[in-house]
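Chemist: coordinates only, sequence not included:
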């Protein structure tokens, strides 16, 4: 690839969104887990759940802060690097982004203060309500962002006048053909990311001997939640794939490196796609498997890349899709082994603890891989089939974009290192006993009744 301004702008946006998506992926799922901890404490008065909440709400606040900062930086690029996008699509993108801020972000920001600082100032029921509203706000934020992104993948409900998009039906814009599948897929990805994070950190604390009074409970919640959600994610992923096959068949053809249209297409487990020769070198294939997965028929016809005038780059889609599949397979294996262990009435052994520790950030790997497949798979379009990416890029010198790109990358590496280091620091602090937990005021006790 030539590093012209458009390519550099794409790389810069990819760097920004890759860093940003790490944190909402955690906060969406972790917010609901915190609400569960709070609910368990309210119902049982077990101080261990209070300890779990106190520990993980600090990590939630840190993650939320980084998500807000990186999100603001990312939004600036609509004006700096992609001004044509808002000129063409602003009548649709602007309101959707505005709804996200007005309905979701303000809700999260308002009640997060009560979550963090209100335990000694409000009743337990009010604090529980605040936890629920923050969790609801994080999911509502995902709703609006994915509504816009899904519309860019499968546009609907609009009219074009003088090259600009105008809303004709907001219900069709929001609930466009790919939106339900992509929303469920992302919400489940967030829950799985958070489940493996809390299970992995808890396993690591257990191995280091700094586990607190609720570490075993938190690890159990993470393992069971992951074991339940990963099969659901596989099912939703299959439905999402079928939807993509219907509306973006060129993306599927690139993901599977299917060069020619035909029946009984094999599934390539691994290989090196070569667009120049239109072959996949060193391919390890399972006969008929791609047709069976995509059409649910052994000899179903699957369109190949030869059917399309333009298509996304094959190699990155092919590789990232398989990284996502392998990561999901490992998540399924580890979570089910852990769930089976609990079902047998056993505590996790050294091998399972090591596996959970290793998989702490596996959700990040799977989410980023899936996101790359989704976004690269839309190229060369920014709005599928209607607006080309190169059409809306700013005419900046390459040196200007390259300078800011390296600045962003350096800053993001530092912030990511700081985040992981802070997480490690919090996880290695000596555990407090239940007796050292702060006593709640008498009205909190009344709120439990």
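Modeler: Received it, and whenever you're ready, just let me know what you need. Keep in mind that what you see is a predicted model, and the values were worked out from it rather than measured.

Chemist: where along the chain do the strands fall?
Modeler: Shown for the chain, the strands assigned by DSSP state E span residues 158-161, 164-167, 262-263, 267-274, 279-286, 301-302, 381-383, 387-388.

Chemist: what residues does the third one touch?
Modeler: Just to be clear, that refers to strand 262-263. Residues from elsewhere that reach strand 262-263 (C-beta atoms under 8 Å, 6 or more residues apart in numbering): 291, 299-302, 304. In short, each C-beta sits where N, CA and C put it, glycine included.

Chemist: same thing but at 6 Å, please
Modeler: With C-beta atoms under 6 Å, 6 or more residues apart in numbering as the test, strand 262-263 has contacts from 299, 301.

Chemist: strand partners of it, parallel vs antiparallel please.
Modeler: Strand pairing for strand 262-263, using DSSP bridges, gives strand 301-302 (antiparallel).

Chemist: quick one: contacts of the strand it pairs with?
Modeler: Here strand 301-302 makes contact (C-beta under 6 Å, 6+ apart) with 258, 263, 265, 291, 294.

Chemist: before we move on, the earlier item: most tightly packed of the strands of the chain?
Modeler: strand 381-383 (a mean of 21; mean count of other C-beta atoms under 10 Å).

Chemist: confidence score at residue 338?
Modeler: Residue 338 carries a pLDDT value of 91.

Chemist: what's around it, how many residues?
Modeler: Residue 338 has 24 neighbouring residues, counting by other C-beta atoms under 10 Å.

Chemist: could you pull up the residues touching it?
Modeler: Neighbour list for residue 338: 223, 352 [criterion: C-beta under 6 Å, 6+ apart].

Chemist: please report how far it lies from residue 33.
Modeler: Residue 338 is 16 Å from residue 33, where distance means C-beta to C-beta, to the nearest Å.

Chemist: hang on, the earlier thing: for residue 361, find the nearest of the strands of the chain.
Modeler: In terms of C-beta to C-beta, the element of these nearest to residue 361 is strand 267-274, at 23.2 Å.

Chemist: give me the sheet partners of the closest one and which way each runs.
Modeler: According to DSSP bridges, strand 267-274 has the following sheet partners: strand 279-286 (antiparallel).

Chemist: off-centre distance for the strand it pairs with?
Modeler: 30 Å (C-alpha atoms, centre = their mean, to the nearest Å).

Chemist: contact partners of that strand?
Modeler: Strand 279-286 has contacts (C-beta under 6 Å, 6+ apart) with 257, 266-274.

Chemist: so for it, mean pLDDT?
Modeler: Across strand 279-286, the average pLDDT comes to 86.

Chemist: one more: stretch 145-163?
Modeler: The pLDDT scores in stretch 145-163 average 90.

Chemist: quick check: mean pLDDT of the longest helix anywhere in the chain?
Modeler: Identified as the longest helix of the chain according to DSSP state H is helix 5-44. Averaged across helix 5-44, pLDDT comes to 89.

Chemist: lowest average confidence, helix or strand, in the protein?
Modeler: Ranked by mean pLDDT, DSSP states H and E, the weakest helix or strand in the chain is helix 442-448, scoring a mean of 42.

Chemist: which stretches of the protein have low pLDDT?
Modeler: Scanning the chain with the threshold set as pLDDT under 70 gives 1-2, 430-449.

Chemist: doesn't residue 264 make contact with residue 299?
Modeler: Yes. Using C-beta atoms under 6 Å, residue 299 makes contact with residue 264 at a distance of 4.5 Å.

Chemist: between those two, point out the one with more neighbours.
Modeler: residue 264 (16 against 12).
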